[in-house]
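[1] how would this look folded up:
(one chain, ligands or ions: 1)
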Amino acid sequence: MITRSPILLQRHDETEPLPVPPAWQAQLAGAIRDPAELCRRLGLDARWHPGAEAGHALFEVRVPEAFLVRMRPGDPTDPLLRQVLPLGEEAVPAPGFVADPLQEAAHTPARGLIHKYDGRVLLIASPACAVNCRYCFRRHFPYGDNAPSRAQWEATLDTLRDDPTIREAILSGGDPLAASDRQLAWLVNRLEAIPHLTRLRLHTRLPVVIPDRVDDALLDWLGKTRLQKVLVLHVNHANEIDDAVVAACARLKAAGVTLLNQSVLLRGVNDSRDALAALSERLFEAGVLPYYLHVLDPVAGAAHFDVSDDQARELVAGLRDMLPGFLVPRLVREIPGEGSKTPL
Ligand code: SF4
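    Numbering: from 1, shown residues only. You can find the predicted model right below:
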């Protein structure tokens, strides 16, 4: 993988260097945000356009080029495309599918802070994502109400400082790595000054959808922190892991980061034994342990991805026949109010 550090360009008089944003930020800014453009680039015919527009009106489309190039042109069943292509079905109400399926609004004691489980807290480090996944349980999340100012971050940090039972800070979003390295380095610097915090966890899809995100600036602050580092990737299909993703994972591991993966079981994406087995094998080749396989959170707009509990159990039982135990992810559901994920 070619990684790029911030580059310094010269002005015409070549006296003052001008900083240029890192390559990943340009890729993020250039992501496809127009459903018609997505259909055109993937060679989908006119039948797909009205549904794509209807879904986009509910939750905007966002697909970076680096992810798009891993899709098969002309194939509406492509497992990567299925995750990001808006469909008319998203507008159809389904019983039990709601805006806040995990009832996170009830666990938000301070701006940008979600405290659901003992011993760890989740910080909304960025409201943005590099890709908008159609099944996302936070597709209706009020990010505008949870974007803290610097002063509000200080209040959140005070909350953590005052609770010695908290051992782990989880950076989430959106995608925490959509924040700049300057912002993240500041936040992590403040977190590591809290003596009872021992672990830093990041839940991110960015090293997968834009592998150039794992650049020198990121590895600098991540490699230096005293906190133990766990990075939980979110990969749903083996085709997501190309050579650039493998190289990004290798750089993270070299910086002392433990890599885990969590997937969501999605109809039409990975709901077969072979697809899940290939995913586990490919993850392990990239140095990532397949940790969780979540059943879908019942978020409004995503019912067409649902796989029944019986089928989910059958699939994982099939995986146990094919793979060593450490490559079989734990099949879980998140239930609002429960103290941890619930095994199925
Ligand atoms: S939070 Fe994760 S699952 Fe949701 S849209 Fe962003 S990257 Fe996708």
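[2] low-scoring pLDDT stretches of this protein, where are they?
    1-19, 106-110, 143-147 (pLDDT under 70).
[3] Would you mind listing what in it touches the ligand?
    For the chain, the residues in contact with the ligand (C-beta under 6 Å from any ligand atom) are 129, 131-133, 136, 138, 173-175, 205, 234. Quick note: C-beta positions are derived from backbone N, CA and C, even for glycine.
[4] From the ligand, how far out is Ala217?
    21 Å (C-beta to the nearest ligand atom, to the nearest Å).
[5] doesn't that residue fall inside a strand?
    No. Under DSSP: H, G, I helix; E, B strand; the rest coil, Ala217 sits outside any strand and is assigned helix.
[6] for stretch 151-164, which positions count as buried?
    Residues 153, 156-157, 160-161 are the ones in stretch 151-164 that count as buried (16 or more other C-beta atoms under 10 Å).
[7] Could you dump those into TSV and include distance to Val328 and secondary structure?
    Converted to TSV, these look like this (distance: C-beta to C-beta, whole Å; DSSP: H, G, I helix; E, B strand; the rest coil):
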residue	distance to Val328	secondary structure
Trp153	39	helix
Thr156	37	helix
Leu157	38	helix
Leu160	34	helix
Arg161	39	helix
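[8] Let me know the closest of these to Leu266.
    Thr156 (32.8 Å; C-beta to C-beta).
[9] Please name the residues that touch that closest one.
    110-113, 123, 148 (C-beta atoms under 8 Å, 6 or more residues apart in numbering).
[10] Out of those, which sit inside helices?
    In this view, these have no member that belongs to helices under DSSP state H.
[11] Just the residues you listed: which are in strands?
    113, 123 (DSSP state E).
[12] I'd like the buried residues of stretch 151-164 written out as CSV, with distance to Val63 added.
    Output for the buried residues of stretch 151-164, formatted as CSV (distance: C-beta to C-beta, whole Å):
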residue, distance to Val63
Trp153, 30
Thr156, 32
Leu157, 35
Leu160, 35
Arg161, 40
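[13] which one of these is nearest Asp216?
    Closest to Asp216, out of all of the buried residues of stretch 151-164 and judged by C-beta to C-beta, is Trp153, at 25.3 Å.
[14] That closest one against Ile124, yeah?
    No. If you go by C-beta atoms under 8 Å, Trp153 and Ile124 don't touch, sitting 10.6 Å apart.
[15] Can you give the contact residues for the helix or strand where Gly223 lies?
    Using DSSP states H and E, Gly223 sits within helix 216-224. Contacts with helix 216-224, where a contact means C-beta under 8 Å, 6+ apart, come from 3, 5-6, 22, 177, 181, 184-185, 188-189, 229, 251-252, 255-257.
[16] Which among these count as buried?
    3, 22, 177, 181, 184-185, 188, 229, 251-252, 255, 257.
[17] what about Val131, neighbour count?
    By other C-beta atoms under 10 Å, the residues close to Val131 number 25.
[18] ok, now how distant is Leu191 from Thr156?
    Separation of Leu191 from Thr156 (C-beta to C-beta, to the nearest Å) stands at 10 Å.
[19] what's near enough to touch Val230?
    Per C-beta under 8 Å, 6+ apart, neighbours of Val230: 199-202, 257-258, 260.
[20] And it, which helix or strand is it part of?
    Val230 belongs to strand 228-234, assigned by DSSP H and E.
[21] By neighbour count, which bits of that strand are buried? Give me those.
    229-234.
[22] Do I have it right that Trp94 meets Ala303?
    You called it Trp, but residue 94 is Ala. Yes. At 3.5 Å, Ala94 counts as touching Ala303 under the criterion of C-beta under 8 Å.
[23] So which of these two has more stuff around it?
    Ala303 (19 against 14).
[24] In strands, which of the contacts of helix 216-224 appear?
    Short answer: the contacts of helix 216-224 in strands (DSSP E) are 229, 257.
[25] Quick check: nearest residue in space to Leu200, chain neighbours excluded?
    Leu227 (4.0 Å; C-beta to C-beta, 6 or more residues apart in numbering).
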